[in-house]
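Undergrad: Predicted model and sequence below, questions to follow.
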Amino acid sequence: MGSLIALIPARAYSKRFPGKNKVILGGKPLFQWTLEAAVNSQVFDKVVLSSDSQDILNSAKNLPYDSVVTDYRPAHLASDQATAAEVLMDYLEREHQQGIAYDLCSVLLPTSPFRTANDIVEALALLKPKVDSVVSMQRSHQLPQFLYRRTEQGMALLNLEDSLERVQMTRSQDNPDYFYPNGAIYIARTSSFLKNRTFYGQNLAIYEMPTERSIDIDYPVDLAFAEFLLARSEALQ
């Protein structure tokens with residue numbers, strides 16, 4: 001398929017969960033789970049850990065992974081407004097200036113600790129000739145016709161134009177399957193990613209992941225749930 005780079009964006013600060021990328025889960029910092037999955041997948045030519053935290057970068061340098069490089073993130077890409085896609089574009093541009101290019105690119109968020117190396121391999125396999133990008137998703141238990149917004153007056157407003165007609169379709173078997181991104185895996189052809197500046201192009205394939213591997217740690221309660229799942233898994237072994 002060509003050369004493939006993965007970027008793992010591990011910011012130091014988070015408003016919702018300060019220091020989440022280096023909290024300890026199962027005896028190791030959160031970002032290390034993603035590093036291990038990326039390295040063990042054996043599909044990447046380079047794995048880049050990007051952070052504005054020297055502490056995170058130094059911790060990664062002590063790990064025995066030859067394919068992992070660390071990159072100190074510029075301050076303007078370490079704000080709450082900066083996206084992982086922008087961080088990847090910045091890195092690809094700097095590599096291009098050095099005469100280095102990649103056919104494929106990927107973002108793996110460190111907040112998805114239970115994504116496995118095999119998940120990465122299987123997601124990459126979906127990048128067929130007519131597919132520009134692959135995004136991991138999980139099946140939604142909520143139907144879009146039952147999603148509401150709230151007006152300034154506190155009143156409920158249906159989110160979809162046809163919700164009034166579809167709201168009677170209460171049986172799940174009467175509705176198609178819906179999916180939403182779980183944050184674990186983003187892979188794209190680099191040319192498509194740079195052109196669209198997003199992984200969400202028209203020719204997008206879904207890699208479905210089960211709920212138990214789709215845990216996305218954004219709040220302390222998510223970490224507590226991940227610890228519960230990990231403990232239960234270890235008890236069953």
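TA: The structure has been received and is ready for your questions.
Undergrad: So which residue is dead centre in the protein?
TA: Central residue of the chain (Cα atoms, centre = their mean): G183, 2.9 Å from the mean position.
Undergrad: OK, contacts around that one?
TA: Contacts were defined as Cβ atoms under 8 Å, 6 or more residues apart in numbering; by that measure G183 touches 109, 111-112, 136, 216. To be clear about C-beta, it is placed using only N, CA and C from the backbone, and glycine gets the same treatment.
Undergrad: where's the host helix or strand of it relative to the chain centroid, distance-wise?
TA: Following DSSP states H and E, one finds G183 within strand 179-189. Put simply, strand 179-189 sits 6 Å off its chain's centre (Cα atoms, centre = their mean, to the nearest Å).
Undergrad: who are the neighbours of the very next helix or strand once past it, in terms of helices and strands?
TA: Where DSSP H and E defines the elements, the next helix or strand beyond strand 179-189 is helix 190-196. When contacts are defined as 3 or more Cβ pairs under 8 Å, 6 or more residues apart in numbering; DSSP states H and E, helix 190-196 sits against helix 84-97, strand 104-107.
Undergrad: what about S133, how many residues close to it?
TA: By the criterion of other Cβ atoms under 10 Å, S133 has 24 neighbours.
Undergrad: Surely it and K195 touch.
TA: No. With contacts counted by Cβ atoms under 8 Å, S133 stays clear of K195, the gap being 11.2 Å.
Undergrad: Good, wrapping up.
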